[in-house]
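Participant: Predicted model follows, preceded by the sequence.
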Amino acid sequence: MKKKLILPILIIMAILTLTGGAYAYWAASATGTSSNANTEAEIGTGGVVTTTLDVSKINGTGKLVPVGKENPGTSVSSIQPKFNFTWNGVGAEGTKGSLKAQLVSVKAGTDDVTSLFTLKGWTNKEIIIGTPLNNVSATIEFTSEPANATEYAKIAGKKITITLKFEVTI
């Protein structure tokens, strides 16, 4: 009796191990910051996409410092990542919309430091379903200096991630 149960139990355990590993691999590849180096954004019929950028992975970025504290060649007070957008919609090709951007959050490690940053100079862009909109830049500026040593400690030397939301309205 015990010999008859061992083979089915081993098969079930092997199936669970293989499918669990496949799920964990898929989940790992779907999260994280792999999109930081690639600023491609495909906006589906929902019209909203959110992306998170790792400041250290944006080419040509020195240390990010508040406005007025820049040192040419080693630090900057703003970054200008470029994005390529595609707005998709079946049966609606040629429809025009307005692409809006919003600074959702800025994190230094796990601390929220959004109040120190500003999305500068963004004007809504015309986007057409099925027509790529390439090399669109967004300027994120380190506008406000930390008010005190506690605020400075939240940001100094930490990984900075910026979350932007792009939305298309008709």
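Facilitator: Right, received. Where do you want to start? Residues are numbered from 1 along each chain as shown.
Participant: which residue ranges form the strands in the protein?
Facilitator: Here the chain has its strands, by DSSP state E, at 40-43, 48-54, 63-64, 75-76, 78-79, 82-87, 96-108, 111-112, 117-120, 125-128, 133-137, 139-142, 160-169.
Participant: just these: most buried one?
Facilitator: Counting by mean count of other C-beta atoms under 10 Å, strand 139-142 has the highest mean neighbour count of those, with a mean of 21. To be clear about C-beta, it is placed using only N, CA and C from the backbone, and glycine gets the same treatment.
Participant: contacts for that one?
Facilitator: Strand 139-142 is contacted by residues 64-67, 77-81, 103, 106, 116-122, 162, 164 when judged by C-beta atoms under 8 Å, 6 or more residues apart in numbering.
Participant: and with 6 Å instead?
Facilitator: For strand 139-142, contacts defined as C-beta atoms under 6 Å, 6 or more residues apart in numbering pick out 64, 66, 77-80, 117-121, 162.
Participant: do the same with stretch 114-128
Facilitator: Here stretch 114-128 makes contact (C-beta under 6 Å, 6+ apart) with 87, 96-101, 103, 105-106, 133, 138-144, 168.
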